[in-house]
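[1] Sequence first, then the predicted structure, then my questions.
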Amino acid sequence: MAIHFREASHAPIQQLTVSAPNGALIGVIGEESSGARQLLRLAAGLDAPPSGEVHFDSPARYLGPLDPLQLSPVSTLVLDHTLAHADALIRARAITAIERLRKSGTTVLIASHDLEMLHQIADEIWWINDGRLHAKGDPREVTAAYQQHVAAKLRAWGEQVSAPLAPSLRRGDGRAEIVAIETLGANGTPTLVAQSGEQMSVRITVRFNNDVENPVIGMMIRTRIGSEVYGTNTELERYPIGPIQAGQTLRITFRFACQLCPQEYTITAASHDPNGVWHDWMEDALAFSVADSRYTAGVANLRAEVLAERL
C-alpha cells in the first residue's frame, strides 16, 4: 500500500486505520476542524503520529492552499485545497497533470470543498469527521451523506442565530406597525435556515396605533435578486381579522411546505386596508436561507421522480 494509516493518532486525528493503494486518487472531505488537514500532513510525512503508524512511499510532496502547483513526478502527492484559488484554466491543466501522475503510479490525496470536482477525478472519498474516518467509498455516495450532514448542521445553526429587521424600504400611514417577522421550522422554533421540504411558517406581529375596521396582513417571499416566489395575505386566504382597536397587537402565522430550492430569500410583510392603503409596509425586511442535502436548480423544488423505460 502506498499510504497506510494504522491506529494513527495526532490530534484531532484519532486511531485512524485506512489505506490508499499505488496510483489511487483519494478525495478528502470534512469541515475545517475535522482533522482532514492533519491527516494530509501525516500522509506527507510533515508530522509524525505520537501513537500508531503512517507508512507512505517516498518522495512525498505536500502542497498547501497557496503553494505553487509543483506537479513534477513524485511517489506521493498531497494537495491541501491547493486548487481552491486557481482559475478555470489553471485548474483544468492541473487536473490533467494530476491524472497523468496517477496513471504513472503516484498516489494522490486531495482535500477540497469542490465536491463536483472530486466526483470527476477521485477513485474514492474519505470523509473525516471529529478526527475519525466517518465514511469512505464511492465518491457520489459519500459526498451525498456528507452534504446531508452539512445541511442538518446548517439547519440547527439557523435556530441559534437571529437577525434584526432591515427593510430596504418602509412606508405607510402609521395606523399599524409591524414589530416582528419570524420564520419558524417544523418544530415551531424560530430559525433563519429552513430545510427544503419541511413545514415552515412565517409569523408576523403587528401593533395597531389606531382603530382599523378590516386590516389585511400579508407577506411576499422573494429571491435575493428580487424575483417574486410566493405571496399571500389574510384576505386571499379568506381569514377576516377585523375590527381591531388601537393598542391591540395581532400575530398572524402563515404555514406551508417549504418546497424551495436551496438558496437565500427575503420576506416582505405588510398591514393594509382592503383597498390597498398601507398601514405599514416593510420591503425585504428579513432574509432567510433554505438548505438541502443536494443541489437543485431553480426556485421551486418539485421533487421529481424519474421513470426510465427501454423501448
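    Here it is on my side, so go on.
[2] Show the subsequent helix or strand relative to the lengthiest helix in the chain.
    Taking DSSP state H as the criterion, the chain has its longest helix at helix 139-158. Later in the chain than helix 139-158, the nearest helix or strand by DSSP states H and E is strand 169-171.
[3] Check which helices and strands that next one sits against.
    Packing partners of strand 169-171 (3 or more C-beta pairs under 8 Å, 6 or more residues apart in numbering; DSSP states H and E): strand 278-291. Bear in mind the C-beta positions are built from the backbone N, C-alpha and C, glycine included.
[4] Hey, what's the angle from the strand it packs on to helix 139-158? Just curious.
    140 degrees (axes from the mean of the first three to the mean of the last three C-alpha atoms, to 10 degrees).
[5] in strand 278-291, what counts as buried?
    Buried residues in strand 278-291, counting neighbours by 16 or more other C-beta atoms under 10 Å, are found at 278-286, 288-291.
[6] Mind giving me the packing neighbours of that strand?
    helix 139-158, strand 169-171, strand 176-184, strand 193-195, strand 199-208, strand 264-272.
[7] Kindly reformat those as JSON lines and extend each row with mean pLDDT.
    Output for these, formatted as JSON lines (pLDDT from 0 to 100):
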{"stretch": "helix 139-158", "mean pLDDT": "93"}
{"stretch": "strand 169-171", "mean pLDDT": "97"}
{"stretch": "strand 176-184", "mean pLDDT": "97"}
{"stretch": "strand 193-195", "mean pLDDT": "95"}
{"stretch": "strand 199-208", "mean pLDDT": "98"}
{"stretch": "strand 264-272", "mean pLDDT": "97"}
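[8] any chance of these in JSON lines, with mean neighbour count too?
    Shown next, in JSON lines, are the helices and strands packed on strand 278-291 (neighbours: other C-beta atoms under 10 Å):
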{"stretch": "helix 139-158", "mean neighbour count": "16"}
{"stretch": "strand 169-171", "mean neighbour count": "12"}
{"stretch": "strand 176-184", "mean neighbour count": "19"}
{"stretch": "strand 193-195", "mean neighbour count": "22"}
{"stretch": "strand 199-208", "mean neighbour count": "20"}
{"stretch": "strand 264-272", "mean neighbour count": "23"}
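[9] can I get those in JSON lines with distance to residue 243?
    Formatted as JSON lines, those follow (distance: least, C-beta to C-beta, whole Å):
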{"stretch": "helix 139-158", "distance to residue 243": "37"}
{"stretch": "strand 169-171", "distance to residue 243": "23"}
{"stretch": "strand 176-184", "distance to residue 243": "12"}
{"stretch": "strand 193-195", "distance to residue 243": "34"}
{"stretch": "strand 199-208", "distance to residue 243": "10"}
{"stretch": "strand 264-272", "distance to residue 243": "14"}
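[10] Out of those, flag the one nearest residue 120.
    Nearest of the helices and strands packed on strand 278-291 to residue 120, taken as C-beta to C-beta: helix 139-158 at 8.6 Å.
[11] Need the CA coordinates for that closest one. CSV is fine.
    What follows is helix 139-158, C-alpha atoms only, in CSV (Å, rounded to 0.1, in the frame of the first residue of the first chain):
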residue,chain,number,x,y,z
PRO,A,139,-17.5,9.5,-4.4
ARG,A,140,-21.1,10.3,-5.0
GLU,A,141,-22.4,8.1,-2.1
VAL,A,142,-20.0,9.5,0.4
THR,A,143,-20.4,13.2,-0.7
ALA,A,144,-24.2,12.8,-0.6
ALA,A,145,-24.1,11.6,3.0
TYR,A,146,-21.7,14.5,3.8
GLN,A,147,-24.0,17.1,2.2
GLN,A,148,-26.9,15.7,4.2
HIS,A,149,-24.8,16.1,7.4
VAL,A,150,-23.8,19.7,6.5
ALA,A,151,-27.5,20.6,5.7
ALA,A,152,-28.6,19.2,9.1
LYS,A,153,-25.9,21.3,10.9
LEU,A,154,-26.8,24.4,9.0
ARG,A,155,-30.5,23.9,9.9
ALA,A,156,-29.5,23.5,13.6
TRP,A,157,-27.3,26.6,13.4
GLY,A,158,-30.3,28.6,12.0
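[12] Centre of the chain to stretch 226-236, how far?
    26 Å (C-alpha atoms, centre = their mean, to the nearest Å).
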